[in-house]
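Participant: Take a look and give me a structure for this.
(one chain, ligands or ions: 1)
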Amino acid sequence: MKISNLKTLLSVSVLSFTLAVPLNTAQASEEVVNVYSARKEQLIKPLLDAFTEQTGIKVNLVTSKADALLKRLQTEGMNSPADLLITTDVGRLYRAKEAGVVQPAITPDLQKRVPMNLQDSEHYWLGLTTRARVIVYANDRVKPSELSTYEALAEPEWKKRLCIRSSDNIYNQSLVSSMIANKGEQATADWANGLVKNFARKPKGGDRDQVKAVAAGQCDIAVINTYYLGQMVNSQDEDEKAAGQSVSVFWPNQSDRGAHVNVSGVAVTKASKNKENALKLIAFLLSDESQKWYAEANNEYPVIDGVAISQTLKNWGSFKSDALNLSELGKHNLEAVRLMDRASWR
Ligand code: FE
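Facilitator: From the prediction side, this is the model:
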């Protein structure tokens, strides 16, 4: 849907609402949508403000950590004021679905906007941006020709040369889930055992800390989500920027299934009392303009084909992504966690 069509659609429905409500009760029945967001406020608030300006629908935003929001939705149950849950990683969207706090509300119009593998087949959630989990390497110590696949990171040549965060991190759990979905459990268990032997240090810190460790010479390669590197190379902090610039992105598995990708996504809560407005907000977030802004704000990729990407992303080049249906990542999450534990990936 073109943004102009969307605007017409939205303004028509807002207009009919306004006409239907007598002026003296307008305040009491103010149009709202309540959002629980695990994204930082600056990554979403400007878009929500634009939505309000365009539609007159007020957005109440609660931001918190993803797991805390999920717990809160479970505790509040049908009394929850939330209409939408916006969070990162399909593993978490899957958990929200399993926990029964979201509903299969994604309409056919919205489904059509997003590639099938980036949304729930039962229409409980859909992706708003994609992010790739890639290999980065030290420019001065590793040649890209030495790298190939995630699988090859378990080879003995990388012994004590790899930095990666801990196994309690959902991004790693989803990466391992994608290995299980693609290669099976036994092959993934063997891989994890080899990978752990190649750890340069006990896993600690976030993805940016892995890049800093490569920059500091503690390891030669790391596995990270691309947008963290985007933040680093654009940072005002000179040290962080220098660390980011000391590594390059390597796109794994380009001659077979493609690089592992994940999404930040959205779902309508089961308790939603403003479902129509919630769906309007999702449509707004999927407009070309919103997609461009939202992806750029966090150096992520739009889910809509043909939407322009930032210069930072262009610098990393184009890549083939794993077309695996992302629901598979959620399905294999428990198995992935157990497997990582058995491999002593702490
Ligand atoms: Fe993140």
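
Participant: Not including adjacent chain positions, what is the nearest residue to V142?
Facilitator: Beyond its immediate neighbours in the sequence, the residue positioned closest to V142 (Cβ to Cβ, 6 or more residues apart in numbering) is D220, lying 5.2 Å away. For the C-beta atoms, the positions are set from N, CA and C on the backbone; glycine is no exception.

Participant: Kindly report the same for M232.
Facilitator: Excluding the flanking residues, the one nearest M232 by Cβ to Cβ, 6+ apart is G244, at 2.9 Å.

Participant: now I309: how far from E296?
Facilitator: Here the criterion is Cβ to Cβ, to the nearest Å. By it, I309 lies 8 Å from E296.

Participant: who has more neighbours, those two?
Facilitator: Comparing I309 with E296 by other Cβ atoms under 10 Å, the one with more neighbours is E296, at 20 against 17.

Participant: That one should be in a strand, yeah?
Facilitator: No - under DSSP: H, G, I helix; E, B strand; the rest coil, E296 sits outside any strand and is assigned helix.

Participant: Quick one: neighbours of K112, just the number.
Facilitator: 10.

Participant: Does it belong to a helix, a strand or coil?
Facilitator: Applying three-state DSSP: K112 is helix.

Participant: Report the separation between it and E300.
Facilitator: For K112, the distance to E300 equals 21 Å [Cβ to Cβ].

Participant: same check, this time on L85
Facilitator: Distance, L85 to E300, using Cβ to Cβ: 18 Å.

Participant: can you check Q111 too?
Facilitator: Taking Cβ to Cβ as the measure, Q111 falls 21 Å from E300.

Participant: So if I had to pick from those two, which one is more boxed in?
Facilitator: Remark: of Q111 and E300, E300 carries more neighbours, 27 against 14, as counted by other Cβ under 10 Å.

Participant: Any chance of the backbone angles for the nearest residue to that one once chain neighbours are set aside?
Facilitator: Closest residue to E300 apart from its sequence neighbours, by Cβ to Cβ, 6+ apart: T129 at 3.9 Å. Main-chain dihedrals, T129, degrees, to the nearest 10: phi -140, psi 160.

Participant: and if you look at the one 3 residues further on?
Facilitator: Reported as degrees, to the nearest 10, the phi and psi values for A132 are phi -110, psi 140.

Participant: thought it was touching K320?
Facilitator: No - if you go by Cβ atoms under 8 Å, A132 and K320 don't touch, sitting 10.3 Å apart.
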